[in-house]
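Undergrad: build the 3D model from these lines:
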Amino acid sequence: MQHRTLGTRTVSAIGLGGMPMSIEGRPDEARSVATIHAALDAGVTLIDTADAYHRDADDLGHNEELIARGLRTYGGDTSDVLVATKGGLLRPGDGSWTKNGDPTHLKQAAKESARRLGVETIGLYQLHRPDPAVPYADSVGAVAELLDEGVIAMAGVSNADVAQIDEANEVLGGRLVSVQNQFSPRYRSSQGELEHCAALGVAFLPWSPLGGIANASELGATHTTFQAVADAHGVSVYQVVLAWELALAPVVLPIPGASRPESARDSAGAADLVLTDDEVARLSAV
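TA: Down below sits the predicted model:
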């Protein structure tokens, strides 16, 4: 399993995104826990979650508690696993998403996330999404305070543009370690942010790296070049997509979501897939 640096930690180059295990269409708990265990068995040591990854109004933090349960019941050593969670985005329970970047809310949300995860200090905490109603520096400032207070060990931002990345890093006193933005063959508008993170040495975590829950199954049909490369290597098109993203910069750590053990195992295999320079160029030109 290939590894990469995220702040002060060395983690697997491919992570596990927990969201599909907790929102609409989620599997039963037994399958979700089996999925987490399968990822760990495959060498995954980066798990992404958020307090907003839940389905109903009364199960806030469902995914955080699920991840904690999966780690707690795993038979092996989990001391090297980094759990990254986020705050600042809410789900009222009607399927919609709302923003809350209020500093007081963020600081309380982080402490509640730590409680649900069963840790004294959260490994990585990220501002989930900018709130237009709150100055960005104020929201990031709350994350900086959490860092100073030891509630979190590392800080990041999500859904940020280049200017916000620089502002966040300034507010954090140069301690920004990660940016989590949407990026996939279907959605490449964060290419500039990816390149900016590479220049800064900040980890870039593509969310929905396979195109999202609704589109991943159509990857091979809609992106035939990726399928052709997959056929040449005898692997799934999903592995090729993730390996391509890893090849774009040494700071990239994709976090594909999974709700089945076989999906988690397949995604983890991408960390060992080596594409040629020509293949990377062909895929990037699609």
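Undergrad: looking at the chain, which helix or strand does the model trust least?
TA: One helix or strand of the chain scores below all others by mean pLDDT, DSSP states H and E: helix 219-222, with a mean of 87.
Undergrad: and the contacts of the very next helix or strand once past that one?
TA: Scanning forward in sequence from helix 219-222 by DSSP states H and E, the next helix or strand is helix 224-233. Identification of contacts with helix 224-233 by C-beta atoms under 8 Å, 6 or more residues apart in numbering yields 185, 219-221, 236-237, 239-241, 244, 273, 275, 279, 282-283, 286. Quick note: C-beta positions are derived from backbone N, CA and C, even for glycine.
Undergrad: could you redo the last one with a cut-off of 7 Å?
TA: Outside helix 224-233, the residues that touch it by C-beta atoms under 7 Å, 6 or more residues apart in numbering are 185, 219-220, 236-237, 239-241, 273, 279, 282-283, 286.
Undergrad: can you flag which of these belong to helices?
TA: 219-220, 237, 239-241, 279, 282-283 (DSSP state H).
Undergrad: show me where the protein has strands.
TA: Counting by DSSP state E, the chain has these strands, from start to end: 3-6, 9-12, 16-17, 46-48, 82-87, 89-90, 98-99, 124-127, 155-158, 176-182, 203-207.
Undergrad: got those strands as CSV, with mean neighbour count, mean pLDDT and distance to A144 columns?
TA: Formatted as CSV, the strands of the chain follow (neighbours: other C-beta atoms under 10 Å; pLDDT from 0 to 100; distance: least, C-beta to C-beta, whole Å):
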stretch, mean neighbour count, mean pLDDT, distance to A144
strand 3-6, 19, 98, 18
strand 9-12, 20, 98, 19
strand 16-17, 30, 98, 26
strand 46-48, 27, 98, 21
strand 82-87, 27, 98, 14
strand 89-90, 20, 94, 19
strand 98-99, 14, 96, 19
strand 124-127, 27, 98, 10
strand 155-158, 26, 98, 7
strand 176-182, 24, 98, 10
strand 203-207, 26, 98, 18
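Undergrad: among those strands, which is nearest V134?
TA: V134 lies closest to strand 98-99 among the strands of the chain, at 8.4 Å (C-beta to C-beta).
Undergrad: next, give phi and psi for the closest residue to P209 other than its chain neighbours.
TA: Distance criterion C-beta to C-beta, 6 or more residues apart in numbering; nearest residue to P209, sequence neighbours excluded, is P254 at 4.0 Å. Dihedral angles of P254 (phi, psi; degrees, to the nearest 10) stand at phi -70, psi 150.
Undergrad: P254 reaches W207, doesn't it?
TA: No - under the criterion of C-beta atoms under 7 Å, P254 is not in contact with W207, lying 8.7 Å apart.
Undergrad: what's the distance between the residue lying farthest from the centre of the chain and A199?
TA: Distance from the C-alpha centroid of the chain, by C-alpha atoms, centre = their mean, peaks at A232 (28.6 Å). For A232, the distance to A199 equals 32 Å [C-beta to C-beta, to the nearest Å].
Undergrad: again with V81
TA: 29 Å.
Undergrad: on that earlier part again, hmm, which of the ones in helices among the contacts of helix 224-233 is lowest in pLDDT?
TA: Of all the ones in helices among the contacts of helix 224-233, G220 has the smallest pLDDT value, namely 85.
Undergrad: hey, where'd the helices end up in the stretch 51-200 of the chain?
TA: Ranges of helices in the stretch 51-200 of the chain, per DSSP state H, counting those that start in this stretch, are 62-72, 103-117, 136-149, 162-171, 191-200.
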